[in-house]
Each structure stands twice: as C-alpha cells, then as structure tokens.
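1. next comes the sequence, and after it the predicted model I'd like to discuss.
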Amino acid sequence: MHDVVIDCQDPQRITPFWCEILEMQVSSTRGDGQYVSLRSPSNNGFVSSQRVPEPKAGKNRVHLDVLVDDLDTSTARVESLGGRWIEPGKTHELDGFPWRCMADPEGNEFCIYELPPTE
C-alpha cells in the first residue's frame, strides 16, 4: 500500500487539520493543489487529500483509526481544529478499547481510540 486518499472539496482547508491530528507534514502538492500528500517524519506512511467536485454524502466506507493518549483531550483538540465529535457524549468500547467517532472539517469520519491499560 502506498497511501490512503481522502476525497474533499478543498485540500488546502483540511490539510492543516490532518497534519495536526496525524503529526504529519506536507510532502508534496500536485495538479495545482488538486492533490496534497502528507508524510510522517518517523516512517514512510502517507495520507493524501484529493479535490473532488461533489460534497461528502453519506457515511465513509473506509475510515482512519487514530491512537490517542486521552479521549477527552483529543476530542477537544479535534474540535479546536475545526473537526467535530459525531455523537457528542457517546464513547464506544469493545474489549477494553474505548473510542469516539469524529469528523474532519469537511465531515470525513475517523475514530480516536485509547489502548486499554496494561496490567
């Protein structure tokens, strides 16, 4: 796999959001800003955004899961960057993994989750 691509109407709008959330940096911009690729300085992981003409409609069929240290702090950070908590007040949990459903400034869903405490 080379990268994950997020469709959006304005790559310039969501790039700062994803750079902060994923701790990545812009590695390239192509097609007069139509494609923006982000890269993690610590590995070869890539996430790109791609300009499309239509707004997001419906639920994403693929989403990112982002590991965080603290759900409350990370939820506030997402919101301060222009994202939102999709189900305010609702934290999911499965087998000791708590998570929350979030969205970027254009409504693309992703989840933030914490690792369960180790014994």
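-> The structure has been received and is ready for your questions.

2. helix or strand: which one has Pro53?
-> Using DSSP states H and E, Pro53 sits in no helix or strand.

3. 660 is where my numbering starts, stick with that
-> I'll keep to 660 as the first residue from here, and by that count the last item is Pro712.

4. from memory it sits against Gln668, does it?
-> Yes - under the criterion of C-beta atoms under 8 Å, Pro712 makes contact with Gln668 at 7.5 Å. Glycine gets a C-beta too; all of them are placed from N, C-alpha and C.

5. settle it for me: which of those two has more neighbours?
-> A direct count of neighbours by other C-beta atoms under 10 Å for Pro712 and Gln668 places Gln668 higher, at 14 against 5.

6. ok, longest helix in this structure?
-> When the chain is parsed with DSSP state H, its longest helix is helix 670-681.

7. can you list contacts of that one?
-> Contact with helix 670-681 is made by 665, 667, 683-685, 692-695, 697, 699, 706, 708-710, 723, 725, 736-737, 740-742, 763-765, 767, 769, as judged by C-beta atoms under 8 Å, 6 or more residues apart in numbering.

8. which among those residues end up buried?
-> 665, 667, 683, 695, 697, 706, 708, 710, 723, 725, 737, 740, 742, 763-765, 767, 769 (16 or more other C-beta atoms under 10 Å).
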